[in-house]
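>>> pasting the sequence and the predicted model now:
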Amino acid sequence: MNAEQNRIALGENANASAMDERAVASRFSKAATRYDSIACIQKVIAHEALNNLPQKLSGNALDIGCGTGVHTQALSERGANTTGVDIAEGMLSVARESFPAPHFVHASAMSLPFESGQFTTVFSSMALQWASSPAIVAQQISKVLSHGGVAELAIMVDGSFSELKKARKIAQLVEATTPMPSTTTWVNAFQQSPLVLTRVITKDYVDSHSSIMSLLHSVKGVGAGETGKKQPPLSRRDIKKLAMAYQNISAVGSELPLTYRVSHFRLEQR
């Protein structure tokens, strides 16, 4: 059963899902050349996720949502024969230029183009939150993960960007970030698949910014903007209102915090 058939079977709107994925791919492709210089908190989260894996790996490893290939390369340096997949061609172009050793493939987590049981390790950090169906993602990971294999996934979940959402509401601005599945939604998806969920740790990672513009650029600059109906750009008046609201409700001294809520999942194929 392919990804479109899976979506139909689960009662999802396949065309809407495909459109969402194209929008996400376009945003991240545009962000590719500047991503590594901006994605500071993303690097911290990925580093922690990598630390949950053994320092020495063997067999084949898959990095889902590999982006610019930095963490795909890290898996390769641990000894695995590594493949990175991403929906954003722009990201893959940067990855291929930077790291010749790993193999990079244009593909979606919703439809992984690999043989059953091909990988002993599956890794993903800060990518799967953009998939339209956790259930399909779980089934796809189960398909490609070998018997005795391990998946280590860091997924941003509902509760992220809480300060920004609250400040926009107080400033009477429309919500602009994309709703994300909750940790519970992902747990249910994994438990309904053949995978065995052995660990869940949910943590808040807090990024800090000196101004509201810096904070907004940190989100948009890495491609993590809204995926729904495009909102008009903020006016100077809107930005001033937003900055005032943010300062009043969330500022710590002169810094504006932005929370990324991330669930670290460990899954095994038994």
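On my side now, so go ahead. The structure presented is a predicted model; accordingly, all values stated were derived computationally and were not measured.

>>> my read is I201 is in a strand, agree?
Yes. The assignment for I201 (DSSP: H, G, I helix; E, B strand; the rest coil) places it in a strand.

>>> who are the neighbours in contact with the closest residue to L112 other than its chain neighbours?
Of all residues not flanking L112 in the chain, Q140 sits nearest, at 4.8 Å (Cβ to Cβ, 6 or more residues apart in numbering). From N, CA and C alone the C-beta is placed, and that goes for glycine too. Neighbouring residues of Q140 by Cβ atoms under 8 Å, 6 or more residues apart in numbering: A3, A109, M110, S111, L112.

>>> now the fourth one: how far from S146?
Between S111 and S146 the distance, using Cβ to Cβ, to the nearest Å, works out to 19 Å.

>>> with neighbour numbers in mind, choose between the two.
It is S146, of S111 and S146, that has more neighbours when counted by other Cβ atoms under 10 Å, with 17 against 13.

>>> my guess is the more buried one contacts L62. True?
No. Between S146 and L62 there is no contact under Cβ atoms under 8 Å: 10.6 Å.

>>> list the residues that contact both of these two?
Going by Cβ under 8 Å, 6+ apart, residues that sit against S146 and also against L62 are Q118, F119.

>>> tell me how many other residues crowd the nearest residue to A61 once chain neighbours are set aside.
Counting by Cβ to Cβ, 6+ apart, A80 is the residue found nearest to A61 once chain neighbours are left out, at 3.6 Å. Per other Cβ under 10 Å, the neighbour tally for A80 reads 24.

>>> let the chain start at 64 from now.
I'll keep to 64 as the first residue from here, and by that count the last item is A143.

>>> backbone dihedrals for A143, both of them.
Backbone torsions for A143, taken as degrees, to the nearest 10, come to phi -90, psi 150.

>>> I figured it hits L125, correct?
No. Counting by Cβ under 8 Å, A143 does not reach L125; the two are 9.2 Å apart.

>>> overlap of the contact sets of those two?
With Cβ under 8 Å, 6+ apart as the test, A143 and L125 both reach T184.

>>> returning to that earlier point: of the contacts of Q203, closest to L216?
L216 lies nearest to A172 out of those, by Cβ to Cβ, at 10.1 Å.

>>> wait, is L330 part of a strand?
Yes. Using three-state DSSP, the assignment for L330 is a strand.

>>> OK, contacts around the closest residue to it other than its chain neighbours?
Excluding the flanking residues, the one nearest L330 by Cβ to Cβ, 6+ apart is A214, at 4.1 Å. Contact partners of A214, counting by Cβ under 8 Å, 6+ apart, are T184, V185, F186, S187, I204, L208, L258, F328, R329, L330, E331, Q332.
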